[in-house]
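Student: just need the structure, nothing else, for what follows:
(one chain, ligands or ions: 1)
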Amino acid sequence: MSQIDDLPPLRDIVRQYELAAKKSLGQNFLFDLNLTAKIARSSGPLENVTVVEVGPGPGGLTRALLACGARHVIAIERDSRCLPILAQISGHYPGRLTVIEGDALTVDLSPYLNGDPARVVANLPYNVATPLLTGWLTTDPWPSWWESLTLMFQREVAERIVATPAEPKDYGRLGVLCGWRTYANILFDVPPSAFVPPPKVTSSIVHLAPRPAPTPARTTTLATVTQAAFGQRRKMLRQSLKSLDLSNAETDVAGMIQRAGLEETARAEEIPVDGFVRLANVYDELVRNR
Ligand code: SAM
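Tutor: Numbering: from 1, shown residues only. Predicted structure coming up:
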C-alpha cells in the first residue's frame with residue numbers, strides 16, 4: 001500500500017516540520033503505511049469504533065486508524081511540535097480526530113468519551129508504556145472504560161505481559177496483573193528497522209481483551225503481595241512473604257499461605273494467577289480483622 005489517504009507522505013511532513021525524534025519522549029516513528037494499517041486492523045474492524053491513541057506523533061498510526069474507518073480517534077500527545085501536523089490530519093477527516101495536548105499518564109478522558117466504550121490502539125512511548133498499561137488494568141470498577149488494548153511494547157515487556165508459570169523467567173507482577181484481568185496475546189513482532197530512528201530491540205504488538213468477571217480482589221493488595229513474593233523470587237513463599245505486615249493478625253505467614261491453599265515451600269514463579277488472588281484476599285481479611 002503506497003497511499004492510504006491524500007495527505008503528503010509522512011517522511012515529507014516530518015522533514016517539512018523538522019520533527020527530529022526526541023529520545024526523552026520515547027519517539028520512534030513508524031512511516032510504513034502497510035505496517036500502520038496492519039496494526040490498526042489488528043484491533044478488529046474499526047467502523048463505528050472510538051479509538052484512544054496515546055502518542056500519535058506525526059500521525060502514521062492515526063492516519064491508518066482513520067483510513068480504516070474509525071468513527072472517532074482521540075489522540076493524546078505530549079509533544080507540541082506534533083500539533084500542527086495533527087491539525088492537518090484533523091482537517092482531512094473533519095470531526096473525526098480530537099487531539100489532546102497532555103500527558104497520557106494524568107489526562108482525564110471522561111469528558112471526551114461521553115460514556116462510550118473505546119479501544120486503545122497505540123505505538124507506546126517505551127519510557128511510560130508499563131505505567132500506562134498498569135493504570136488501564138487497575139481501574140475500579142471493572143470492566144473498565146476500554147473494550148480492548150492493542151499496543152506496541154518492547155518484545156521483552158510483551159513476553160512478561162503474556163507470561164504464566166510455564167515461562168518462569170518472564171512471569172512476574174505484570175503477568176499476574178494482566179492474567180487476572182485480561183486475556184493477553186502477542187499478535188506479531190516488529191523489527192527495529194520499521195522505526196525511525198530504529199530502537200535497539202525488537203518490538204511486539206500485544207492485544208489485551210478484558211475478562212468480564214475476574215475473581216474480585218483489591219488491586220492494591222494484589223500489588224502488595226506480588227511485590228513481596230516476586231521481590232525475592234528465588235525464596236520460598238514462607239520467607240518472601242515475611243515482609244507483609246501481619247502484626248496482631250490471627251495467624252502468621254505460614255497460616256496465611258495455607259489458608260490461600262498454597263504450599264509454603266513454593267516460589268512466586270510457580271504460583272498461578274488465581275493463587276495470588278486468593279493470597280491477596282486472605283491477606284486483606286487478616287488485616288481487616290486484627
Ligand atoms: N504513533 C507515532 C508512530 O507510531 O509513529 C509515534 C509513536 S512514538 C513511539 C511515541 C509518541 O508518544 C511520541 O509522539 C511522543 O511524543 C509521545 N509521548 C511520549 N510520552 C507521552 C506521554 N506521557 N503522553 C502522551 N504522549 C507521549
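Student: near the ligand, which residues of the protein show up?
Tutor: Residues of the chain that fall close to the ligand, judged by Cβ under 6 Å from any ligand atom: 25-30, 54-57, 60-61, 76-79, 82, 103-105, 123, 125, 128. Just so you know, the C-beta spots here come from the backbone N, C-alpha and C atoms, and that holds for glycine as well.
Student: now for Gly91: which residues touch it?
Tutor: Gly91 makes contact with no residue, according to Cβ atoms under 8 Å, 6 or more residues apart in numbering.
Student: just Cys68 next, same as before
Tutor: So Cys68 contacts 37, 40-41, 46 (Cβ under 8 Å, 6+ apart).
Student: please report how far it lies from the ligand.
Tutor: To the ligand, Cys68 is 15 Å away according to Cβ to the nearest ligand atom, to the nearest Å.
Student: now the phi/psi pair for that residue, please.
Tutor: In terms of degrees, to the nearest 10, the main-chain angles of Cys68 are phi -80, psi 0.
Student: okay, it: pLDDT?
Tutor: Cys68 carries a pLDDT value of 96.
Student: next, the contact list for the residue of the stretch 51-200 of the chain found nearest the ligand, please.
Tutor: In the stretch 51-200 of the chain, the residue that lies nearest the ligand is Gly55 (2.0 Å; Cβ to the nearest ligand atom). Shown in contact with Gly55 (Cβ under 8 Å, 6+ apart): 25-26, 76-78, 104, 122-125.
Student: before we move on, what about Glu53?
Tutor: So Glu53 contacts 61-62, 65, 73-76, 120-122 (Cβ under 8 Å, 6+ apart).
Student: that one belongs to a strand?
Tutor: Yes: Glu53 forms part of a strand when assessed by DSSP: H, G, I helix; E, B strand; the rest coil.
Student: please name the bridge partners of it.
Tutor: On the basis of DSSP bridges, Glu53 is bridged to Ala75.
Student: for the closest residue to Thr150 other than its chain neighbours, grab phi and psi.
Tutor: In space, and not counting its chain neighbours, Thr150 is closest to Ser43: 3.9 Å by Cβ to Cβ, 6 or more residues apart in numbering. Backbone torsions for Ser43, taken as degrees, to the nearest 10, come to phi -90, psi 0.
Student: and Leu241, that one's in a strand?
Tutor: No: per three-state DSSP, Leu241 lies outside any strand segment and is helix.
Student: state the distance from it to Leu286.
Tutor: 12 Å (Cβ to Cβ, to the nearest Å).
Student: the two: who's more crowded?
Tutor: More crowded of Leu241 and Leu286, by other Cβ atoms under 10 Å: Leu241, with 26 against 20.
Student: contacting residues for the more buried one?
Tutor: 225, 228-229, 253, 256-257, 279.
Student: returning to what we had before: tell me which of the residues of the chain next to the ligand fall in strands.
Tutor: Among those, the residues falling in strands (DSSP state E) are 29-30, 54, 76-77, 123.
Student: from those, list the buried ones, please.
Tutor: 29-30, 54, 76-77, 123 (16 or more other Cβ atoms under 10 Å).
Student: got JSON lines for the contacts of Glu53, with pLDDT and distance to Thr50 too?
Tutor: Below are those laid out as JSON lines (pLDDT from 0 to 100; distance: Cβ to Cβ, whole Å):
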{"residue": "Leu61", "pLDDT": "98", "distance to Thr50": "15"}
{"residue": "Thr62", "pLDDT": "98", "distance to Thr50": "14"}
{"residue": "Leu65", "pLDDT": "98", "distance to Thr50": "10"}
{"residue": "Val73", "pLDDT": "98", "distance to Thr50": "8"}
{"residue": "Ile74", "pLDDT": "98", "distance to Thr50": "7"}
{"residue": "Ala75", "pLDDT": "98", "distance to Thr50": "12"}
{"residue": "Ile76", "pLDDT": "98", "distance to Thr50": "14"}
{"residue": "Val120", "pLDDT": "98", "distance to Thr50": "10"}
{"residue": "Val121", "pLDDT": "98", "distance to Thr50": "11"}
{"residue": "Ala122", "pLDDT": "98", "distance to Thr50": "14"}
